[in-house]
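**Student:** Here is my input, please return the structure:
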Amino acid sequence: MDILQEFPCASQIGKIMLDGIRDIVGQGGINTISKMVEAHPLPANREKISFGEISTLQGVLEALYGRQGGRGIALRAGRASSSMIFRKFGQRMGLNNLDYRLLPTPTRIKTGLAALANTVSTLCCVPFLTAEDGEAWIWQVHTCPVCWQRQSEKPACYFIVGLLQEFVTTISGGKIHNIVESECLATGAEACTFRIEKQAME
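**Tutor:** Next comes the predicted model:
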């Protein structure tokens, strides 16, 4: 089965990712990345983007800028993409409602993370799950478009980590929470798991 049909995401996800990367590397960098990806993710007539095209972006960044540099760019691109998600989907997620803004900060973060998970699940056609324990809110996905078919010694979904970092900082009123990917499909785990610590950093 064609990968595009087997694992399709709405093309908006690819556009958000590339726009975030463009903010970091400029249009020249994007042109080079598009050539290396080969299957251009964002032609105007495309409605879907494959998991393969999404996961290839991280590998291309590492090939162009080195492993550490590529990962750093993916992290920063994820942060830059957060504002794009707010603009495109904030109203739909209820993040602009006064009732939401007046919630206590922990409830606002928990509710916002759930709303973001629902939106990304719809766009990517795979469930992003939310949970929590005594110390952290948890995001988890069992078929991850960012690291699909990749292998890594360490968790590799830097774009999602950056996205969650900026998203949580925004909805919490500027507070910074430590966010780590504790498990990753690319390392052989059963799911990509992201932990957002409940205690804000000083």
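
**Student:** Please enumerate the helices of this structure.
**Tutor:** Here the chain has its helices, by DSSP state H, at 3-6, 11-37, 51-93, 98-101, 105-124, 158-171.

**Student:** Output the ones you listed in CSV, with distance to P145 and mean neighbour count appended to each entry.
**Tutor:** C-betas here are computed from N, CA, C, even on glycine. As requested, the helices of the chain are exported to CSV (distance: least, C-beta to C-beta, whole Å; neighbours: other C-beta atoms under 10 Å):
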stretch, distance to P145, mean neighbour count
helix 3-6, 11, 12
helix 11-37, 7, 17
helix 51-93, 4, 19
helix 98-101, 27, 10
helix 105-124, 6, 18
helix 158-171, 9, 24
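
**Student:** how about JSON lines for the ones you listed, with mean pLDDT added?
**Tutor:** Output for the helices of the chain, formatted as JSON lines (pLDDT from 0 to 100):
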{"stretch": "helix 3-6", "mean pLDDT": "44"}
{"stretch": "helix 11-37", "mean pLDDT": "80"}
{"stretch": "helix 51-93", "mean pLDDT": "88"}
{"stretch": "helix 98-101", "mean pLDDT": "93"}
{"stretch": "helix 105-124", "mean pLDDT": "93"}
{"stretch": "helix 158-171", "mean pLDDT": "96"}
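
**Student:** Dump those helices to CSV, plus distance to H177.
**Tutor:** Shown next, in CSV, are the helices of the chain (distance: least, C-beta to C-beta, whole Å):
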stretch, distance to H177
helix 3-6, 35
helix 11-37, 20
helix 51-93, 13
helix 98-101, 18
helix 105-124, 8
helix 158-171, 5
